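A.B. asks: based on what follows, work out the 3D shape:
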Amino acid sequence: MKALVALILLVQLPIHKAVPAAPPAPLGCDDPESEAAAEAAVNYINGHSHHGYKFVLNRIENIRVLPQGANNEIIFLELDLLETTCHILSPTPLANCTVRSFTDHAVEGDCDVKLQKVNGQLSVLASKCHSNPDSNEDVHQVCPDCPLLALSNDTEVLATVTEALSDYNSKNAGAYLKLLEIGRAKIQYHPAHIVFVEFAVAATNCSTEEANVEACQLLPDDQSNFGFCTATKVIRPSQELQVNCQVYGHQVPTPDTPFLSRVFQSTTAGLVPGVVQGFINHNLRLSHNNPLASESLSSEFSASVLSAKSVARRAVAEVAQRDKVPRPVGFVPPPPPCPGNIHHFKI
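C.D. replies: The predicted structure follows:
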């Protein structure tokens with residue numbers, strides 16, 4: 001009888017079903033994992049660009065994570081970057097590079113990057129970037145008298161670069177320097193007429209004392225030596241030229257600076273400086289697929305980025321719809337996971 005009662009009581013006990021674990025919360029744009037992925041992406045972008053200037057992270061616009069299995073995930077990032085004053089050839093660590101200010105006519109970069117994270121290790125699979133300078137109107141709202149970016153093939157710009165490099169070579173002993181590229185230029189017309197230029201240079205096998213500089217060749221790969229110059233030319237009211245050049249010394253290409261070999265190859269092939277093109281900034285027109293990636297990335301990358309953007313738009317719409325629901329007095333809604341905080345300033 002006791003056994004029967006115990007059986008009845010056992011049957012009547014509530015059955016607790018196993019509750020499935022909640023999926024992990026989506027990464028926010030300011031989460032440490034997102035920042036780590038963005039840092040890897042920015043290092044990759046700078047390491048595979050060999051014109052213009054280094055860029056730094058300004059804000060993570062969006063992040064999407066696709067699990068691929070145990071300790072394996074694909075990450076899609078949308079990044080806002082800002083141009084620094086460090087040329088891409090400069091050995092200065094990115095952390096020590098100064099972000100170009102509003103008054104110096106800032107340049108913004110937009111990048112879509114695909115990464116893979118396996119056992120905690122990040123690698124970039126593909127990236128697509130472009131950049132644009134701030135508008136003239138925005139610059140003059142902050143600084144009405146500040147000079148604006150000028151075309152790199154402007155006659156005054158070309159004349160200033162030529163005069164500045166000739167002046168430096170004539171006053172400094174050592175290797176004769178040749179022009180690699182004009183980084184950027186600005187022209188001010190009021191109250192004085194001034195031309196500001198920045199340009200990259202490379203050492204040749206000639207000394208500055210030699211007369212036949214036209215026959216000078218760039219140093220071989222194992223001795224290559226790049227540098228960077230800035231110059232200011234006052235055209236009116238006085239004729240005055242100030243030149244400053246920094247020669248970096250020979251740099252050995254590393255996995256973090258693979259562009260050095262490509263820069264050397266392009267210069268020895270006669271592709272740089274060549275004809276100076278008419279642009280006001282070196283567009284970060286980087287579209288790169290990692291050759292070590294085993295998958296075909298181009299079409300998948302574009303489709304995945306578009307999918308990630310549509311997911312982000314839906315999330316924004318859902319947040320906007322939730323915001324219409326009446327909230328208790330004093331309720332403070334949590335911040336949206338994306339976009340992230342602005343690190344420097346918004347253009």
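
A.B. asks: beta-bridge partners for the closest residue to Gln242 other than its chain neighbours, please?
C.D. replies: Spatial nearest neighbour of Gln242, excluding adjacent residues (CB to CB, 6 or more residues apart in numbering): Thr232 at 4.7 Å. Every residue, glycine included, has its C-beta placed from N, CA and C. Applying DSSP bridges to Thr232 gives these bridge partners: Phe196, Gln242.

A.B. asks: who are the neighbours in contact with Thr232?
C.D. replies: Residues near Thr232 by CB atoms under 8 Å, 6 or more residues apart in numbering: 194-197, 241-242.

A.B. asks: how about the helices in the chain?
C.D. replies: Taking DSSP state H, the helices of the chain run over residues 2-12, 32-47, 136-142, 155-171, 259-268, 298-322.

A.B. asks: can you pull out the strands in the stretch 51-200 of the chain?
C.D. replies: Using DSSP state E, counting those that start in this stretch, the strands of the stretch 51-200 of the chain run over 53-69, 72-87, 107-118, 121-133, 148-149, 175-188, 193-207.

A.B. asks: wait, which of the ones you listed is closest to Asp167?
C.D. replies: strand 175-188 (11.2 Å; CB to CB).

A.B. asks: which strands or helices does that closest one pack on?
C.D. replies: Other elements packing on strand 175-188 under the criterion 3 or more CB pairs under 8 Å, 6 or more residues apart in numbering; DSSP states H and E are strand 148-149, helix 155-171, strand 193-207, strand 225-236, strand 240-250.

A.B. asks: separation between Leu148 and Glu156?
C.D. replies: If you measure Leu148 against Glu156 using CB to CB, to the nearest Å, the figure is 13 Å.

A.B. asks: and the residue nearest the centre of the chain, bridged to which residues?
C.D. replies: Nearest to the geometric centre of the chain sits Phe55, at 3.4 Å (CA atoms, centre = their mean). Counting by DSSP bridges, Phe55 is bridged to Glu83.

A.B. asks: okay, and for the chain, where does confidence drop off?
C.D. replies: Residues of the chain meeting the criterion pLDDT under 70: 1-25, 211, 253-278, 286-288, 290-336.

A.B. asks: from what I see, Ser90 and Phe228 are in contact.
C.D. replies: Yes - using CB atoms under 8 Å, Ser90 is in contact with Phe228, at 6.3 Å.

A.B. asks: between the two, what contacts are shared?
C.D. replies: Tyr248.

A.B. asks: buried ones among the contacts of Thr232?
C.D. replies: Buried subset of the contacts of Thr232 (neighbour count, 16 or more other CB atoms under 10 Å): 194-197.

A.B. asks: can those go into CSV with extra columns for distance to Ile187?
C.D. replies: Shown next, in CSV, are the buried ones among the contacts of Thr232 (distance: CB to CB, whole Å):
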residue, distance to Ile187
Ile194, 7
Val195, 5
Phe196, 7
Val197, 10
